[in-house]
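A.B. asks: predicted coordinates and the sequence they were generated for:
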Protein chains: 4
Amino acid sequence: MGGFFGVVASDDCVADLFYGTDYHSHLGTQRGGLVVRNGDEIVRSIHNITNAQFRSKFEEDLPKMHGRMGLGIISDFEDQPLVISSQLGTYAIVTVGKVHNLEHLTKHLLNRSGTHFVEIREGEINPTELVANLVDGEATFEAGISKAQQLIDGSCSLLLLDQDGIVAARDRLGRTPVAIGQKEGARAVTMETSALPNLGYEVEHFLGPGEVVRITADGIETLTPPGDNLQICSFLWIYYGYPASCYEGINVEACRNRCGAALARADDVEADFVAGVPDSGIGHAIGYAAEAGLPYRRPFVKYTPTWPRSFMPQEQRVRDLVAKMKLIPIEDLIEGNRLLFCEDSIVRGTQLTDIIRRLFDRGAREVHMRPACPPLLHSCKFLNFSRSRSELDLAGRKAIVDLEGSGDVHLDEYADPDSDRYAAMVAGIGDRLELTTLRYQRLDDMVAAIGLPREKLCTFCWNGEELYGEQSASY
Amino acid sequence: MGGFFGVVASDDCVADLFYGTDYHSHLGTQRGGLVVRNGDEIVRSIHNITNAQFRSKFEEDLPKMHGRMGLGIISDFEDQPLVISSQLGTYAIVTVGKVHNLEHLTKHLLNRSGTHFVEIREGEINPTELVANLVDGEATFEAGISKAQQLIDGSCSLLLLDQDGIVAARDRLGRTPVAIGQKEGARAVTMETSALPNLGYEVEHFLGPGEVVRITADGIETLTPPGDNLQICSFLWIYYGYPASCYEGINVEACRNRCGAALARADDVEADFVAGVPDSGIGHAIGYAAEAGLPYRRPFVKYTPTWPRSFMPQEQRVRDLVAKMKLIPIEDLIEGNRLLFCEDSIVRGTQLTDIIRRLFDRGAREVHMRPACPPLLHSCKFLNFSRSRSELDLAGRKAIVDLEGSGDVHLDEYADPDSDRYAAMVAGIGDRLELTTLRYQRLDDMVAAIGLPREKLCTFCWNGEELYGEQSASY
Amino acid sequence: MGGFFGVVASDDCVADLFYGTDYHSHLGTQRGGLVVRNGDEIVRSIHNITNAQFRSKFEEDLPKMHGRMGLGIISDFEDQPLVISSQLGTYAIVTVGKVHNLEHLTKHLLNRSGTHFVEIREGEINPTELVANLVDGEATFEAGISKAQQLIDGSCSLLLLDQDGIVAARDRLGRTPVAIGQKEGARAVTMETSALPNLGYEVEHFLGPGEVVRITADGIETLTPPGDNLQICSFLWIYYGYPASCYEGINVEACRNRCGAALARADDVEADFVAGVPDSGIGHAIGYAAEAGLPYRRPFVKYTPTWPRSFMPQEQRVRDLVAKMKLIPIEDLIEGNRLLFCEDSIVRGTQLTDIIRRLFDRGAREVHMRPACPPLLHSCKFLNFSRSRSELDLAGRKAIVDLEGSGDVHLDEYADPDSDRYAAMVAGIGDRLELTTLRYQRLDDMVAAIGLPREKLCTFCWNGEELYGEQSASY
Amino acid sequence: MGGFFGVVASDDCVADLFYGTDYHSHLGTQRGGLVVRNGDEIVRSIHNITNAQFRSKFEEDLPKMHGRMGLGIISDFEDQPLVISSQLGTYAIVTVGKVHNLEHLTKHLLNRSGTHFVEIREGEINPTELVANLVDGEATFEAGISKAQQLIDGSCSLLLLDQDGIVAARDRLGRTPVAIGQKEGARAVTMETSALPNLGYEVEHFLGPGEVVRITADGIETLTPPGDNLQICSFLWIYYGYPASCYEGINVEACRNRCGAALARADDVEADFVAGVPDSGIGHAIGYAAEAGLPYRRPFVKYTPTWPRSFMPQEQRVRDLVAKMKLIPIEDLIEGNRLLFCEDSIVRGTQLTDIIRRLFDRGAREVHMRPACPPLLHSCKFLNFSRSRSELDLAGRKAIVDLEGSGDVHLDEYADPDSDRYAAMVAGIGDRLELTTLRYQRLDDMVAAIGLPREKLCTFCWNGEELYGEQSASY
């Protein structure tokens, strides 16, 4: 998915920029980048972080970087930040999101003579360059961002750095979060508020959907006020977000604790203890255990010195290896026990199959699985969660194919937890995983655990509902 | 401290060697090394891992490595493995431990004409070369290892690789653990048994104190039987060991859960929930929470993508930075709450001071600290826990200095949990840390939680007791 | 200055591309780049070659590169090749030359909405991206290149790689050379023909001024025929070019031999032997020695293992260090001797001053200097010889300042070898350098040694003559 | 072969050490090393220079190095310098030479208990560690070096660095050169005197055979006076040495000029011009041309930016590639001409075969070859010229095999330039190379060109003569 961070300060900002960006490392696996502006001097650095941590790659660049404002990015694919010269001046840009209609927009822009794209990697246009190109077509950043937001099918939050500070924009429907932190003499803009406390910032403002602001050390100026319609991704709380982060003022770990409690209240299974599938399952499991009055235990521990990231690499082979190697089983806690596991969501179930088999191999008596959300039935169209994941690989869809011969029928019914079809699908998933029992969270319980009105949350991946249309303009 | 891993297989062993060594990454921060033997061909690789993970540094060496047996090491300081030619042939060697009398032994050896040392880093003799030198002075590996064990003041476990397989030796009093795992066609020797399950090995044998064995793919041959006297480090269970490891057959996580339960049984404080100071405090906290019937929560989460290691760097400046940056507070779980924290041991208390202050800053009502062991009063003489830590910096000693004007008086009394002096010292530590309450584990309870007879455990750092003398021979 | 190389073949072209580009290493010091096209797949690699040879930097990239056509570049400053998507499709581009009106053209293009520049290094627009932008404004490569050539003040030769092959264009007045080589199943396009023989290519065609061709493995198609007016840089033969190269069919080494012979014919000094200031002075000296019947000797040898390049780094401090360290004097050949040195051209004279002093320090009786061309009086406006060299630092100009109090007067007269002012200027230069005698080549003799009609050669740096105007179009 | 350099100064010596060592880059291709001593602090750095220049590898180490004395090495194989602790104290050591009886000495030393070897690469003992081991067996450096020189079959010059300065020793028969240079406040010790002038040193002393001296900033102290018997390698002047170097006070370039002149005097062939096979053939050719009154020309130029070294890599495949790619032919100077080439020595003739074929392919009318020494008939036993070259691959031996059916018969006769067998052998070599004519230098003429008495020169590779025995002691 990627994550960005920016700072504007009255003194040198490089240390804050470095650590603040580093605190987004869980959001991307491929590229990291920093850019610092010192008057007209712009110093940029981009590194491949596939095989090394952001910190170790950028430490040696820091002495060369000086300035009172800068941007940082952890990117899942493309090189960022870009430094652009256009009629709007020279500025740096980072983006997070997904441009679904990238090819369409590219073709359109290329029909205008004078437009070209330079940043190409492995044959693909750099989406951030496309966004810059859309912005450059208008007379001001404000107008350009507005035009870009209208044209992009998907989502795009972004930061621009010019000589006067940072322009921050949250995507049109607020699918991704953007927050501003403040401390004496400095402001930071961040996707994860967990980046703020250790650097001394307090949260000052959560941007609303489509809101655009200019940030300086002195204050925040609204360029475009927030829109009325919010569709923030529910999965941020369930899976993607860092436990210490807040979105719309709601903390992830506390939300996961509530999710687990809701699962416990709806449950009646007898178990010896509760455990979480690392990393995101842990917060859910802790909540379940407390509510159920059962011990929380760790029959698997993650080997973080070697497999530190919670975000999965793109390549399937590496993904499976990581899945196997990162979790070390503790036989003493498994053998002879009835284990209840909380998990974020059974996505495709392939790694879970391996985990469950290893539990039974080491003598587990029973294995009960409690995902913190309903079965996933639709692939995300709005955020760049994974570049290659097919909808029909989802565990729920595979179960539907088994039942119906096709994965595309009766999807509304399969999304209804009170229907027979839903029960049959869940039974199918549980059988395939060879679980003792499987019970998913109900959507209403999940929404209540988050605590926002349902119409403000995107629930597309569970029920296919898409509010407020796709985009408000097109060529 | 460092950790080693070795494999002898009937097929190529490189993948197992790589991952098995990598699973010791939490035990050292400076050097990693691999050596593989293919007939007479020996390929060795050593990398600086200060600023990058073992995995990323060694991945590119793997294609050049082929062979059915090899050794790996994570080292806290010196370059390893060494490849040695001597009257005993050509062999590779790795060691873990601490040679307290390094200078004395070096001087003695240098007085013999014909002895020299080649591996010098920053002016110091490489302790592993010294050990090899001691071994080389005798007619067989068995006799040489025996002689070395008698001469070394401290501890030394080691692996030797010759053309016939691996010779593994546990230090004379078994202060460090060595275990052998077995699977079809291969044997592995390891410090941490957590390295075994994901590679398919089952634990076959725990070496006893001073035991020396030759390991081949076909079996284990005893060269020197285990001694009678065991003095394994208790701190392995409390702090150093990985949760999924077993020493003497006793699992770390389960032991920590028992430690926490013992703390809970001895406690009567009222708290809203129980938390652990990551990483080692977590297992203790989970045990406390379950025993006390209190919820387990995570008011701090560790940012593992960036600060993956649990072992502390040597440099104080970096250590404090890591201590501050790696833990992110969750205000929602802190504000207004009475928090009970389990911790491995308050070593010097400097980092804990910072953590506690941040908890109160974010609105904690009460902070109660429950270390899983008694106050540390003596620096370890036997293992290489830290190269620069001074005894008088220990939180307990500092409290004694405050009370007595000197840190070296009445130490026996201060080690007695029923004495007034002990109570005064603990009160002093708690005041300095500004804790609401502080209660340490009693040594007996800790010993019981581990589950070995007290005389088999080294408890020197708590009570200064040293059994079975230092060394059985000298020049 | 930079140099490019391209290949189109019926089989994989990567080895030829690698070595062919590498043979341009003497033309640039900062960046190297390769791009290979395999159907729609484009693989590009760019490295910093400031501190390492092209070969060692690119060797590890080769296994990842496959394809039947590609481009390579040695660049003096900017990152190349660029991969561009525009209305003309997706193509790679390399350029060599100098865009004097870069800022003007950039401003103009930025006034068009929709244009932006992405490749910025140290605050400067990448000239190659500018050229691509100019090309993209027209409907075809042919029209775009033609437009670019008309707009650029300076010079620009370029190669474009699309899915059908390479489009090669020589700059409007042919200031830089471009040649095509051919062998069974492949064609190469190159700046230096010296890149061809060891790869098996024979020269097939020298592009004329402004000529644009499409090159495939099967043949050469003329897109734009050559223009009538040629202004190729004379200095290519005198200094820049590699001895084994031919431009307009005329070999560099043979030309230098003729230059030296011409110097000898015009000379009557008595000397013990003739030597050349490495590297380009050697060819001149060999010619002089043969014509004069004097021995050729090497009182200085260049230490090529360490200072391999003949092209000078941009930074003055490094330049002076290189100048001192790369030449090792041989006292046996210096002491007591009357030395006659041939040199390409005394540019600023600073390094020569040091060389001459070292010769006298080591006992030279006399030192005579014979530059192969007239005194330089004007800085080059057309090629990117050096980014920071000031006109008033030229040895000739400094002598004029000494004589006139200003460097900008009577320049025509100073360019006339039969004038008194010329004689006074040369005397001034010789005095400043403390030479025994100094005699420059006459322009007519140099032109005759090259062998092209004078109106086809650019002689601007000697006499300020500029034929055929600067550019044929402007915004 | 390798080369070393050392400095002792009253101020920091690092810059001199760095450049002085770098000037030995032509003598080795695999490893470079520096060590600097600052009181008790010793900082050492070793890099692989196979694929990069010494300079670029060590530049980043320089800021970490400080001290008034140090050693540097370019090594053909093993890691150097070593830092050793022994009864003689802690010292650094570099060596150049060849320990023919390495295996024998190793076995002997390993029979002493207490001796071991640590520096092993690809299964081989590091010869420098062996030498250190031999030295360590005696009570003083002086005695130890003397013992080592007596035991080593081959040759060994070395430098030792202790806290008081540098101990320099030339091998017993002076096969390799060692010289000392001096300037205000500093002394340098070097193999190549060409390293001295650009650093400001004047040659102060050439060490005699077996001489051992202690060097400080203040002076030179003789530890062991030079021996009577000198057997310096003649090939240093003919091929290995750098043109600007002097050995025994005799300059290489001047010697080569004399060699060429001697060839010319003995010759009567008609040629259009004279050329040298780069690099070492050039000095010979220049001398020939001057003596013969023929023009010197360059029908081949070496592409130094890419193939800077004159010393050949060990691997045959790379060697042949280098041989082909490094020389670029100039057709204008070849076509239709009668070319006379001077060459150092036809070793195996494989690369020359290719060169000659390319000359005829490009239209040469005649190609005459004039090696500067007699045909090589014996492989060097004393210096480490090449690790893998077989005696029977020598061009002379192959010709003998063709004539006799065996390469080992009548070798004395084949070494006699007035014998029929010699004439037949030379005819055979010329035929195989397809030369128009081939005429070798006579040994007497070569000896006269060098200028030392014949008994002071080793001529083993031409006539198999070995003076003064192999070694004066053995175990």
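C.D. replies: Nice, I can see it.
A.B. asks: do the one helix or strand A:Asn133 maps to and chain C meet at all?
C.D. replies: Using DSSP states H and E, A:Asn133 maps to helix A:127-136. Yes: using C-beta under 8 Å from any C-beta of the partner chain, helix A:127-136 reaches chain C at A:129, A:132-133, A:136. C-beta: built from backbone N, CA, C; applies to glycine.
A.B. asks: now the two most distant members of these.
C.D. replies: A:Glu129 and A:Asp136 (10.1 Å; C-beta to C-beta).
A.B. asks: tell me the secondary structure at A:Leu236.
C.D. replies: Reduced to three states with DSSP: H, G, I helix; E, B strand; the rest coil, the structure at A:Leu236 is helix.
A.B. asks: run a quick neighbour tally on it.
C.D. replies: Using other C-beta atoms under 10 Å in any protein chain shown, A:Leu236 is surrounded by 26 other residues.
A.B. asks: could you list the low-pLDDT ranges of chain A?
C.D. replies: A:113, A:306-319, A:321, A:385-389, A:470-475 (pLDDT under 70).
A.B. asks: so which bits of it are right by chain C?
C.D. replies: Residues of chain A lying near chain C (C-beta under 8 Å from any C-beta): A:40-42, A:82-87, A:90, A:106, A:109-120, A:122-123, A:125, A:129, A:132-133, A:136-138.
A.B. asks: repeat the analysis, applying 7 Å as the threshold.
C.D. replies: Where chain A comes near chain C, counting by C-beta under 7 Å from any C-beta of the partner chain, the residues are A:40-42, A:82-87, A:110-120, A:123, A:125, A:129, A:132-133, A:136-137.
A.B. asks: gap between the residue positioned nearest the centre of chain A and D:Ala139?
C.D. replies: Note on chain A: the residue nearest the mean C-alpha position is A:Tyr240, at 4.4 Å, using C-alpha atoms, centre = their mean. Note on A:Tyr240: its distance to D:Ala139, by C-beta to C-beta, to the nearest Å, is 72 Å.
A.B. asks: ok, now A:Val167?
C.D. replies: Taken as C-beta to C-beta, the span from A:Val167 to D:Ala139 is 78 Å.
A.B. asks: neighbour count: these two, which is higher?
C.D. replies: A:Val167 (26 against 10).
A.B. asks: tell me the phi and psi of the more buried one?
C.D. replies: Note on A:Val167: backbone dihedrals following degrees, to the nearest 10 are phi -100, psi 120.
A.B. asks: tell me the residue in chain A that is farthest from the middle.
C.D. replies: Largest centre distance within chain A, by C-alpha atoms, centre = their mean: A:Gly336, 37.1 Å.
A.B. asks: phi, psi of that one?
C.D. replies: phi 80, psi 0.
A.B. asks: give the contact list for it.
C.D. replies: Listed by C-beta atoms under 7 Å, 6 or more residues apart in numbering or on different chains, the contact partners of A:Gly336 are A:363, A:365.
A.B. asks: does whichever helix or strand A:Ile42 is part of reach chain B?
C.D. replies: Element membership for A:Ile42, per DSSP H and E: strand A:41-48. No: judged by C-beta under 7 Å from any C-beta, strand A:41-48 stays clear of chain B, getting no closer than 11.2 Å.
A.B. asks: only alpha carbons, please: show the helix or strand that that strand is followed by as CSV.
C.D. replies: Towards the C-terminus, the helix or strand next in line after strand A:41-48, according to DSSP H and E, is helix A:54-58. In CSV, the C-alpha atoms belonging to helix A:54-58 read as follows (Å, rounded to 0.1, in the frame of the first residue of the first chain):
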residue,chain,number,x,y,z
PHE,A,54,14.9,1.6,5.3
ARG,A,55,17.1,2.7,8.2
SER,A,56,20.3,1.0,7.1
LYS,A,57,19.9,2.1,3.5
PHE,A,58,19.3,5.8,4.3
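A.B. asks: helix A:54-58 near chain B at all?
C.D. replies: Yes: legend: contact between helix A:54-58 and chain B by C-beta under 7 Å from any C-beta is shown at A:55-56.
A.B. asks: now do the buried residues in the helix or strand just after that helix.
C.D. replies: Beyond helix A:54-58 on the C-terminal side, the first helix or strand identified by DSSP H and E is strand A:69-75. Residues of strand A:69-75 classed as buried by neighbour count (16 or more other C-beta atoms under 10 Å in any protein chain shown): A:69-75.
A.B. asks: and if you look at stretch A:115-128?
C.D. replies: In stretch A:115-128, counting by 16+ other C-beta under 10 Å, buried: A:115-120, A:125-128.
A.B. asks: dump these to a markdown table, plus distance to D:Asp332.
C.D. replies: Below are the buried residues of stretch A:115-128 laid out as a markdown table (distance: C-beta to C-beta, whole Å):
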| residue | distance to D:Asp332 |
| --- | --- |
| A:Thr115 | 49 |
| A:His116 | 43 |
| A:Phe117 | 46 |
| A:Val118 | 42 |
| A:Glu119 | 46 |
| A:Ile120 | 43 |
| A:Ile125 | 49 |
| A:Asn126 | 49 |
| A:Pro127 | 54 |
| A:Thr128 | 53 |
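A.B. asks: from those residues, which land in strands?
C.D. replies: Using DSSP state E, the members of these that fall in strands are A:116-117, A:120, A:125.
A.B. asks: of those residues, closest to B:Asp171?
C.D. replies: A:Ile120 (58.5 Å).
A.B. asks: who does that closest one bridge with?
C.D. replies: On the basis of DSSP bridges, A:Ile120 is bridged to A:Ile125.
A.B. asks: OK, contacts around it?
C.D. replies: A:Ile120 neighbours (C-beta under 7 Å, 6+ apart): A:126, C:83, C:85.
A.B. asks: what residues does the strand holding A:Ile42 touch?
C.D. replies: A:31-36, A:57-58, A:61, A:64-65, A:79, A:81, A:83, A:92, C:123.
A.B. asks: pretty sure A:His284 contacts A:Ala254?
C.D. replies: No: using C-beta atoms under 7 Å, A:His284 is not in contact with A:Ala254; the gap is 11.7 Å.
A.B. asks: in stretch A:341-356, what counts as buried?
C.D. replies: For stretch A:341-356, using 16+ other C-beta under 10 Å, the buried residues are A:341-349, A:351-353, A:355-356.
A.B. asks: among the residues you listed, which are within reach of chain D?
C.D. replies: Of the buried residues of stretch A:341-356, not one also sits near chain D (C-beta under 7 Å from any C-beta).
A.B. asks: now those as JSON lines including secondary structure?
C.D. replies: Shown next, in JSON lines, are the buried residues of stretch A:341-356 (three-state DSSP):
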{"residue": "A:Phe341", "secondary structure": "strand"}
{"residue": "A:Cys342", "secondary structure": "strand"}
{"residue": "A:Glu343", "secondary structure": "strand"}
{"residue": "A:Asp344", "secondary structure": "coil"}
{"residue": "A:Ser345", "secondary structure": "coil"}
{"residue": "A:Ile346", "secondary structure": "coil"}
{"residue": "A:Val347", "secondary structure": "coil"}
{"residue": "A:Arg348", "secondary structure": "coil"}
{"residue": "A:Gly349", "secondary structure": "coil"}
{"residue": "A:Gln351", "secondary structure": "helix"}
{"residue": "A:Leu352", "secondary structure": "helix"}
{"residue": "A:Thr353", "secondary structure": "helix"}
{"residue": "A:Ile355", "secondary structure": "helix"}
{"residue": "A:Ile356", "secondary structure": "helix"}
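A.B. asks: which members of the residues you listed define the maximum pairwise distance?
C.D. replies: Between all members of those, the farthest pair (by C-beta to C-beta) comes out as A:Cys342 and A:Arg348, at 18.3 Å.
A.B. asks: rewinding a little: any idea which of the ones in strands among the buried residues of stretch A:115-128 is closest to C:Ile328?
C.D. replies: A:Ile120 (47.5 Å).
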